[in-house]
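K.L.:
Fold the following for me, if possible:
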Amino acid sequence: MALMITDECINCDVCEPECPNQAIYLGEAIYEIDPAKCTECVGHFDEPQCVQICPVACIPVSPQHVESRETLFQKYERLQAGAAQGAAS
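P.N.:
This is a model prediction of the structure:
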């Protein structure tokens with residue numbers, strides 16, 4: 001399951017630097033989460049860091065991107081392998 005940011009977002013800027021996968025970015029109106037990069041912090045932390053730090057609780061699970069913890073961990077591994085290849089280049 002990837003997370004999403006709802007329109008209750010106040011653009012406080014605290015979630016973006018907390019994301020270990022750089023999945024959070026400033027969209028046209030509010031921050032958004034790239035579901036291809038979001039692992040809900042699986043592989044990095046026990047709980048999603050953006051959810052922990054969000055002052056308005058506007059980061060639920062996206063019903064459009066339902067994934068198991070196993071799938072999230074596989075995505076984490078792919079992202080890490082891609083980052084390692086990018087660093088080696």
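
K.L.:
Flag the shaky bits of the chain, pLDDT-wise.
P.N.:
In the predicted model, the chain carries pLDDT under 70 at residues 89.

K.L.:
which residue ends up closest to the midpoint of it in space?
P.N.:
Central residue of the chain (CA atoms, centre = their mean): residue 38, 3.5 Å from the mean position.

K.L.:
Which neighbouring residues are in contact with it, exactly?
P.N.:
By CB atoms under 8 Å, 6 or more residues apart in numbering, the contact set of residue 38 is 2-3, 19, 21, 23, 65. For glycine as for every other residue, the C-beta is placed from the backbone atoms N, C-alpha and C.

K.L.:
now swap in residue 44 and tell me
P.N.:
20-21, 76.

K.L.:
Of those, which is the most crowded?
P.N.:
Each of the contacts of residue 44 was scored for neighbours by other CB atoms under 10 Å, and residue 21 scores highest at 21 neighbours.

K.L.:
Could you measure from the residue nearest to the centre of the chain over to residue 88?
P.N.:
24 Å (CB to CB, to the nearest Å).

K.L.:
Please apply the same query to residue 48.
P.N.:
29 Å.

K.L.:
More neighbours: which of these two?
P.N.:
It is residue 48, of residue 48 and residue 88, that has more neighbours when counted by other CB under 10 Å, with 23 against 6.

K.L.:
so the more buried one makes contact with residue 59?
P.N.:
Yes: counting by CB atoms under 8 Å, residue 48 touches residue 59, with 7.2 Å between them.

K.L.:
what touches both of these two?
P.N.:
Common neighbours of residue 48 and residue 59 (CB under 8 Å, 6+ apart) are residue 3.

K.L.:
returning to what we had before: residues in contact with the nearest residue to the residue nearest to the centre of the chain once chain neighbours are set aside?
P.N.:
Nearest residue to residue 38 in three dimensions, chain neighbours excluded: residue 2, at 3.9 Å (CB to CB, 6 or more residues apart in numbering). Each residue near residue 2 by CB under 8 Å, 6+ apart is listed here: 23, 33, 35, 38, 40, 61-62, 65, 67.
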